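> next one to model:
(chains A and B)
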Amino acid sequence: MHLFVQQVINGVLLGGMFALMSIGLSLVFGIMKTANFAYGALYMLGGYVAYWSSVLLHAPYPVAVLAAFVVMFGAGILIEVAGFEPLRGNEDATLIFGLGLALVLRGGAILAWGSQSRFIATGGPGSVEIGSFIFPTARLWAGIASFAIVGAIYVLVSRTRWGRVMRAVADNARRASLLGINARVVYWLVFGLGTGLSAVACVFLIPVFSLSPTVDESALYIGFAVVILGGLGNIVGCAVAGMILGIVTTLAYGYTVSTIAPVFPLLVLVLTLVFRPQGLFGTRGRLA
Amino acid sequence: MTQRADANPALSRPAALLPGGAVAGGARVAPRSGAVSVLRGGGWVLMAAAALAAPRVLTSQYDLNVLVTLAINAIQATGLAIVVRAGRLSLAQATFGGIGGYVSGILVMQYDVNYWPALLVAGIVAASFGILLGLTSLKLQGFYFAIATFTFSQIAIIILSAWRSVTGGLSGMFGLPVPPAIGPFDFDDPIVYYYFAVLVLIGAMGIAWLCSSGTRFGRGLTVLGEDEVLAGAMGVPAIPYRLAAFAISSFVGGIAGSLGTHFIQGISPTDIAPSVSVFIVVMVMAGGVQMLLGPVIGAAILTAVPELLRVSAQWSMVLYGVFLLAYVFFFRRGLLPLLDSGMLRLSPARWAPSPGAAAERPAFAPVPAAPAQAARASDVALAFEDVACAFGDTRVLQGVSFQVRRGELRGIIGPNGAGKTTLFNVITGNAPLTAGRVLLDGHAIRPSPARMAQRGVARTFQHPRVLTTRTVAESIRLGAELVGSRPAADYLDWVAEMTALRPLLDVPGSLLSHFERRRLTVAMAIAGRPRILLLDEPLAGLDDSETHLLKDRVQDIHRRLGCTLLLIEHKLGVVMQLCSRLTVLDYGHVIAEGDPETVARDDAVIQAYLGS
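Take a look at the predicted model:
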């Protein structure tokens, strides 16, 4: 029972990280209906921006995070303008563009920085004991930070004027344009924001998952798993789906052999795709 | 504008504008061969010669290894293209290859099975997994299908890594034997391996040909890849066709994977990572998915170039990525079609003089409905009993009951949003039949698009859907063939004549005007000699003279084919002239039915149209 409770709490923390990992993908997928297959690679790139600004420029941790966000925000806008915007409406071309960009970035990252795992040094003790439960500090902080960021994005999208504009564009970009909203600019900003957030996610999760050019693949499939399970562009869905997958993952690691455990969250994704492709909180839309 | 040009703008199109400059007027719908095919044939011969001569020129051990890899990649890409042509981009082809490799490896190493039967088993097991994945995910579209295959791939990797006792876990299997010799041919020799792989490649291309232009099934698949809804209306059921395509594609994948595994004599889970599948996608796309040789060329270039440059795996990853980006922006149809259109431009056929554009009347025309058919005219061809259709809480049709007699020309009218198109969609299974029954010839049916088409119910769509990459002649032929009818060439000529498409037979769908598209949709619908024809606003968006022409043609078609015709139309003057009976819908209910004069005087109808 103790193990179970410990694993569930770990799962919730991990779920927060999964939600953070996929929030950028979810925003872009939900608002722009663009499935960005380069998401994982951009996530990885954001991590490296923070890493190098911390290692080479000795930037303090918060500055490194900010630098990663700003640089990747700009990169995101650039990619949207140069790549995804002209291809909008053509799913196959969008998909292939994303795959191509991912290959270039990943191959380039290995060439430039090698494939070894890296960490950003964070001080403090290795683990905290609360009652009879033990939490590695890195995971605890990453989990808490994740929930904070996801919460902030939720407030941004659902409670602010800016969020209302984004939702209007998500609902019907052309009609939003008729209301005087510049949908193109909203798309740029959303893509920038999504990419910037992926960078922040990567930086926050470096202490847990480390950083190497191959984190892109896991970020991509966890991202898609969360987004599909939660429902397109639904931030509450993103958090809930993240937690479900997190708990499934930690329980799987707790109760099965570690080699087979990674299959379970994937099975959740498969079952979702088969039985409820619109996700838990999504409405049956254009995908079915 | 003159009245003549207006009435038939198609005829005024200068023949020189026709792509390829091929025969225009007096053209037949039946296929012909042209000068371009000679050039293409030359290309094939050149390729074949290069494939045969390669190991004589590139003789070092390293070169030969590259050649074998190239041939195996070409098989893999040719296999993947089969399912891509059917409209689904799979990111699991390398996984099917891996499954094939593991299966034959395990059978040979652990069960002492001879390689050749093991190879066949490898293909069959891969195909079974293809069917499994297809059953669960083929109903998904676009991104979602890609993600489903990506997930499948991840699961396969995890299971293969975890199942150490059988698969060797993360380090995989090594020291696998090469296939046993066949007669004097020893597979330790890479030249033998190469020629064998080329032989398999030819077989795979044969299969790919059968799954594209070679058979009715294949042509149905390619139409499915272009437009699923239109394919349904043409009699192609999406799920079974795609499932078959996926099974065949993964079978070829499994065979290629097994050959590759036993060539390098080992396999590990990293060989089947999604990124490897993406490489195969690159080959297919880069070469040109719609052409049989496309994936082969793509595989050749993308295998040879990194080897020629002697670059590392990382550089070749970047190279593949750049290739994909270039593909998206510069040659989205692939390299081979680029070459092909280049040849077309150089081909002398372009400047060949066109024969006179005046089309002679076709010798053949269907006779007006025979007396035997007229005698049965009292029979009910189509009946609705309390039909309802709802999307969630939105009820589009409710309690719709009426009958259409055989051979009748029934008009369906009503204000916008009355449910007219939904009525058609319910008949053809494009919209759900939530309550009630639809009876075809007195038998209740469970509508599904392809089944209805094959039962002789043809339809057009409100927005004209045409096959953009096919020429008018091809589209008409497909319209006839895919519903399973084998009409005489004369009949198809008559169809083209009736729809005034004869001067446009060689024009691809993408270049047609709105009016031309309208006529093509009608032509495709009647190409299979339907018993029931559903025309959804065939006159929408046409000017007066166009309306006049098409109206007459619709009447003529109805009379000559003796079919039952349901016509949705907003141009009331036309409906009043054409139809013997009208059914009026409003807010999903039938509000009036009767001959045009009665309906025109009906108070409910007047109120629905003019408001109270």
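> would you mind listing what in the stretch 101-250 of chain A touches chain B?
A:101-108, A:110-111, A:217, A:221, A:224-225, A:228 (C-beta under 8 Å from any C-beta of the partner chain). The way it works is simple: take the backbone N, C-alpha and C, and place the C-beta from them, glycine included.
> avg pLDDT for stretch A:219-236?
Summarised as a single mean, pLDDT over stretch A:219-236 is 85.
> by neighbours, which of the residues of the stretch 101-250 of chain A next to chain B wins?
Greatest neighbour count in these, by other C-beta atoms under 10 Å in any protein chain shown, goes to A:Ile228: 30 neighbours.
> residues touching that residue, list them.
With C-beta atoms under 8 Å, 6 or more residues apart in numbering or on different chains as the criterion, the residues that contact A:Ile228 are A:269, A:272-273, A:277, A:279, B:144, B:147.
> now, the residues of the stretch 101-250 of chain A next to chain B that are in strands?
Filtering these for membership in strands, criterion DSSP state E, returns an empty set.
> of all these, which comes closest to B:Met109?
If you rank these by distance to B:Met109 using C-beta to C-beta, A:Glu217 comes first, at 29.4 Å.
> now for the contacts of A:Ile228, which pair is the farthest apart?
Considering C-beta to C-beta, no two members of those lie farther apart than A:Gly279 and B:Ile147, which are separated by 12.1 Å.
> do a quick rundown of the helices in the stretch 1-150 of chain B.
B:3-7, B:9-12, B:35-57, B:61-85, B:93-111, B:115-137, B:142-162 (DSSP state H, counting those that start in this stretch).
> of these, which approaches chain A most closely?
Closest of the helices of the stretch 1-150 of chain B to chain A is helix B:142-162, at 3.7 Å (criterion: C-beta to the nearest C-beta).
> show me what that closest one is packed against.
Under the contact definition 3 or more C-beta pairs under 8 Å, 6 or more residues apart in numbering or on different chains; DSSP states H and E, helix B:142-162 sits against helix A:91-113, helix A:215-230, helix A:263-275, helix B:93-111, helix B:115-137, helix B:274-287.
> how about the helices of the stretch 1-150 of chain B in a markdown table, adding mean pLDDT and mean neighbour count?
Formatted as a markdown table, the entries for these read as follows, by pLDDT from 0 to 100; neighbours: other C-beta atoms under 10 Å in any protein chain shown:
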| stretch | mean pLDDT | mean neighbour count |
| --- | --- | --- |
| helix B:3-7 | 41 | 12 |
| helix B:9-12 | 40 | 16 |
| helix B:35-57 | 79 | 13 |
| helix B:61-85 | 91 | 25 |
| helix B:93-111 | 93 | 26 |
| helix B:115-137 | 93 | 21 |
| helix B:142-162 | 87 | 23 |
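> any idea how chain B splits into domains?
B:57-274, B:380-610 (automatic domain parsing).
> would you mind writing the CA trace of stretch B:397-417 as PDB?
As requested, the backbone C-alpha atoms of stretch B:397-417 are provided in PDB (Å, rounded to 0.1, in the frame of the first residue of the first chain):
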ATOM      1  CA  LEU B 397     -34.300  14.800 -41.100                       C
ATOM      2  CA  GLN B 398     -37.400  13.600 -39.300                       C
ATOM      3  CA  GLY B 399     -40.200  11.300 -40.300                       C
ATOM      4  CA  VAL B 400     -39.500  11.500 -44.000                       C
ATOM      5  CA  SER B 401     -41.600   9.100 -46.000                       C
ATOM      6  CA  PHE B 402     -42.200   9.100 -49.700                       C
ATOM      7  CA  GLN B 403     -41.800   6.800 -52.700                       C
ATOM      8  CA  VAL B 404     -40.100   7.200 -56.100                       C
ATOM      9  CA  ARG B 405     -41.400   5.100 -58.900                       C
ATOM     10  CA  ARG B 406     -39.000   3.400 -61.400                       C
ATOM     11  CA  GLY B 407     -38.000   5.700 -64.200                       C
ATOM     12  CA  GLU B 408     -39.400   8.800 -62.600                       C
ATOM     13  CA  LEU B 409     -37.600  12.100 -62.600                       C
ATOM     14  CA  ARG B 410     -38.300  13.400 -59.200                       C
ATOM     15  CA  GLY B 411     -37.400  16.900 -58.100                       C
ATOM     16  CA  ILE B 412     -36.400  17.500 -54.400                       C
ATOM     17  CA  ILE B 413     -36.700  21.100 -53.500                       C
ATOM     18  CA  GLY B 414     -36.800  23.200 -50.400                       C
ATOM     19  CA  PRO B 415     -35.100  26.200 -48.800                       C
ATOM     20  CA  ASN B 416     -31.500  26.100 -47.800                       C
ATOM     21  CA  GLY B 417     -30.900  23.900 -44.800                       C
END
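> quick one, which of the helices of the stretch 1-150 of chain B is nearest to B:Pro240?
With respect to B:Pro240, and counting by C-beta to C-beta, the nearest of the helices of the stretch 1-150 of chain B is helix B:115-137 at 10.1 Å.
> now tell me what touches that closest one from outside.
Outside of helix B:115-137, the residues within contact range by C-beta under 8 Å, 6+ apart are A:270, A:273-274, B:92, B:96-97, B:99-101, B:103-104, B:107-108, B:113, B:144-145, B:148-149, B:152, B:177, B:179-180, B:242-243, B:246-255, B:257-259, B:262.
> who touches B:Ala418 in this structure?
Under the criterion of C-beta under 8 Å, 6+ apart, the neighbours of B:Ala418 are B:585-588, B:608.
> show me just the buried residues among those residues.
The neighbour-count test (16 or more other C-beta atoms under 10 Å in any protein chain shown) marks B:585-586, B:588, B:608 as buried among the contacts of B:Ala418.
> how about a markdown table for the helices and strands packed on helix B:142-162, with distance to A:Pro136 added?
Shown next, in a markdown table, are the helices and strands packed on helix B:142-162 (distance: least, C-beta to C-beta, whole Å):
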| stretch | distance to A:Pro136 |
| --- | --- |
| helix A:91-113 | 26 |
| helix A:215-230 | 18 |
| helix A:263-275 | 20 |
| helix B:93-111 | 34 |
| helix B:115-137 | 37 |
| helix B:274-287 | 30 |
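> tally up the residues packed near the residue nearest to B:Gln454 when sequence neighbours are not counted, please.
The spatially closest residue to B:Gln454, leaving aside those adjacent along the chain, is B:Gly235, at 4.7 Å (C-beta to C-beta, 6 or more residues apart in numbering or on different chains). A count of nearby residues for B:Gly235, using other C-beta under 10 Å, gives 27.
> doesn't B:Gly235 lie inside a helix?
No: with the criterion set as DSSP: H, G, I helix; E, B strand; the rest coil, the secondary structure at B:Gly235 is coil rather than a helix.
> that one reaches B:Gly484, doesn't it?
Yes: with contact defined as C-beta atoms under 8 Å, B:Gly235 reaches B:Gly484; the gap is 6.5 Å.
> what's the overlap in contacts for those two?
Both B:Gly235 and B:Gly484 are contacted by B:454, B:528, under the criterion C-beta under 8 Å, 6+ apart.
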